[in-house]
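Engineer: I would like the atomic coordinates for the input below:
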Amino acid sequence: MALVLLLGGLSETEVRAESDPTRADVVAVVEHLRLQVPRESREQWMAAERGSWEPWLKQQPGFLGRDLFWDPATEEGTLLIRWSSRQAWKSISMAEVQTVQERFETLAREQTGQRQGNPFPLVFEGELLPQ
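Structural biologist: Prediction:
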């Protein structure tokens, strides 16, 4: 799952497909997240993702891939994370998720120079079902 974001050459709405299109995995549920990502911090967001969530997600049973988008109008990042089943997604302990989130926030602060808090706070969390 490569999360390399090259700002030059991509449109204003960043799209990252991070799964193997040759796989025939059936998506049962999509985790839908939105984060505040200021225009000037897009590269730092991607670096924090690469160093935390990306390697962790690759190891999770039922993880099929994810897409990352950036909306210039709202300066929000949208993450669509595909799972083979809701059970696989929801069976992950909150303690484990919190550990990865703390790693993400530490990397994000290092990248942005922010001293405390989360430079990319969550603004929405939900799920989508394929039709």
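
Engineer: could you pull out the strands for the protein?
Structural biologist: 14-17, 29-36, 63-71, 76-83, 122-128 (DSSP state E).

Engineer: Select, out of those strands, the one closest to Thr112.
Structural biologist: Of all these, strand 29-36 sits nearest to Thr112, with 11.9 Å by C-beta to C-beta. Yep, even glycine has a C-beta here, placed from its N, CA and C like the rest.

Engineer: got the residue ranges for the helices in this structure?
Structural biologist: Using DSSP state H, the helices of the chain run over 42-51, 53-58, 86-90, 94-112.

Engineer: returning to that earlier point: want to throw the strands of the chain into TSV with mean neighbour count and distance to Glu102?
Structural biologist: Converted to TSV, the strands of the chain look like this (neighbours: other C-beta atoms under 10 Å; distance: least, C-beta to C-beta, whole Å):
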stretch	mean neighbour count	distance to Glu102
strand 14-17	16	23
strand 29-36	18	15
strand 63-71	19	20
strand 76-83	21	18
strand 122-128	12	14
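
Engineer: Those: which one's closest to Ala108?
Structural biologist: Of the strands of the chain, nearest to Ala108 by C-beta to C-beta is strand 29-36, at 9.8 Å.
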